[in-house]
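Enquirer: Next comes the sequence, and after it the predicted model I'd like to discuss.
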Amino acid sequence: QKEVEQNSGPLSVPEGAIASLNCTYSDRGSQSFFWYRQYSGKSPELIMSIYSNGDKEDGRFTAQLNKASQYVSLLIRDSQPSDSATYLCAAPTNTGNQFYFGTGTSLTVIP
Amino acid sequence: EPEVTQTPSHQVTQMGQEVILRCVPISNHLYFYWYRQILGQKVEFLVSFYNNEISEKSEIFDDQFSVERPDGSNFTLKIRSTKLEDSAMYFCASSYQGTGANSPLHFGNGTRLTVT
């Protein structure tokens, strides 16, 4: 069973709209979750982390965690063409010795 | 802002040759990782390293692979007898407290390995 699962997309939104990216996880013991952005040919770049149930906001980004539903999401408000990238959800594995990455969701923001 | 540094950015090698990929993690980080990403595919875990020993390795990380921290700053991945299927982007990453709540991974820019 995959520890973290994402819809691979592609997801397309018009510029200025809200992009919603989703991730589910299997290990109920998972405590922390991370969203990374990866441009084509580049390395993953940390956007946000979330540890507590509820919402966490940072600029145009909001991460949401629902531990009861084992669900993590990332909302991008006022989407810009520069937000076009693949977004990776990551969580520590139950061994605590590595992070497991989802397959990523490809986002395209259309000008 | 401190960053993870990887060299070289691109390595081309012939099948059967040995390659060493080099990384300088963030200086106060204690946990080190190698991941790889085959073109168009997901980021895959290879190995984690703490306190001068391997913490965990994946099925990919077989006897062909080895890691070393030869001094206080470098962290290397050696691939012996490279195969065509080893062609991928290899990412080094480090974290301060392993997989703790406030301890995300910080990635280097990657080494693109091409085996011909």
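Expert: Received the coordinates, thanks. Numbering: from 1, shown residues only, chains lettered A, B, ... in the order given.

Enquirer: the strands in chain B, which residues?
Expert: B:5-7, B:10-13, B:19-24, B:31-37, B:44-50, B:53-57, B:65-68, B:75-79, B:88-95, B:106-107, B:111-115 (DSSP state E).

Enquirer: no, scratch that, I was asking about chain A
Expert: Counting by DSSP E, one finds strands in chain A at the ranges A:4-6, A:11-14, A:19-25, A:33-38, A:45-50, A:54-58, A:61-66, A:71-76, A:85-92, A:99-101, A:105-110.

Enquirer: helices and strands around the fourth one, which ones?
Expert: Looking back up the chat, that one is strand A:33-38. strand A:19-25, strand A:45-50, strand A:61-66, strand A:71-76, strand A:85-92 (3 or more Cβ pairs under 8 Å, 6 or more residues apart in numbering or on different chains; DSSP states H and E). For the C-beta atoms, the positions are set from N, CA and C on the backbone; glycine is no exception.

Enquirer: same thing but 7 Å
Expert: For strand A:33-38, the packing partners by 3 or more Cβ pairs under 7 Å, 6 or more residues apart in numbering or on different chains; DSSP states H and E come out as strand A:45-50, strand A:85-92.

Enquirer: Report the beta-bridge partner residues of the residue lying closest to B:Pro70 once chain neighbours are set aside.
Expert: The shortest distance from B:Pro70 to any residue other than its chain neighbours is 6.7 Å, reached at B:Thr76 (Cβ to Cβ, 6 or more residues apart in numbering or on different chains). Beta bridges link B:Thr76 to B:Arg22, B:Glu68 when assigned by DSSP bridges.

Enquirer: Tell me how far B:Thr76 lies from B:Tyr96.
Expert: 21 Å (Cβ to Cβ, to the nearest Å).

Enquirer: interface residues of chain A facing chain B?
Expert: A:31-32, A:34, A:43-44, A:46, A:49, A:51, A:88, A:92, A:95-99, A:101, A:103-104 (Cβ under 7 Å from any Cβ of the partner chain).

Enquirer: Show the buried residues in the residues you listed.
Expert: Among those, those scoring as buried are A:32, A:34, A:43-44, A:49, A:88, A:92, A:97-99, A:101, A:103-104 (criterion: 16 or more other Cβ atoms under 10 Å in any protein chain shown).

Enquirer: Determine which two of those are furthest apart.
Expert: Farthest apart among those by Cβ to Cβ are A:Asn97 and A:Gly104. That separation is 22.0 Å.

Enquirer: who touches the residue nearest in space to the middle of chain B in this structure?
Expert: Taking Cα atoms, centre = their mean as the criterion, B:Trp34 is the residue nearest the geometric centre of chain B, at 2.9 Å. Residues near B:Trp34 by Cβ atoms under 7 Å, 6 or more residues apart in numbering or on different chains: B:Leu46, B:Val47, B:Val67, B:Leu77, B:Tyr90, B:Cys92.
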